[in-house]
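Asker: with the input below, show me the fold.
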Amino acid sequence: MAIKLTLTEDETEILIDALEADLEGYLESAKEARGNNNRADVETFTEAAGRIDALMKKIQALLD
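Answerer: Purely as a prediction, here's the structure:
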């Protein structure tokens, strides 16, 4: 299912900033899980970070 959404440039920047903060949290969680030898969490957090990064890039491309 695709969702169409119209945002202002400012709203898009706010969304990107929020995604960046979320990305940092997942990357930090993956790092901590790695330190605790928790492979399942490393995989989960790394996958989530990758999906967030891909979404950020998709949104940023719309601004360029």
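Asker: quick one, what contacts the closest residue to residue 56 other than its chain neighbours?
Answerer: The shortest distance from residue 56 to any residue other than its chain neighbours is 4.8 Å, reached at residue 19 (CB to CB, 6 or more residues apart in numbering). (Each C-beta comes from the backbone N, C-alpha and C, glycine too.) Taking CB atoms under 8 Å, 6 or more residues apart in numbering, we find residue 19 in contact with 52, 55, 56, 59.
Asker: so for residue 19, what's the pLDDT?
Answerer: Looking at residue 19, its pLDDT is 98.
Asker: what's the answer for residue 62, then?
Answerer: 88.
Asker: okay, now residue 49: neighbour count?
Answerer: 19 (other CB atoms under 10 Å).
Asker: identify the residue spatially nearest to residue 22, adjacent ones excluded.
Answerer: In this structure, residue 22 finds its nearest non-sequential neighbour in residue 52, 5.7 Å apart by CB to CB, 6+ apart.
Asker: can you list contacts of stretch 38-56?
Answerer: 16, 19, 20, 22, 23, 26, 27, 29, 30, 33, 34.
Asker: repeat that with 10 Å
Answerer: 15-36 (CB atoms under 10 Å, 6 or more residues apart in numbering).
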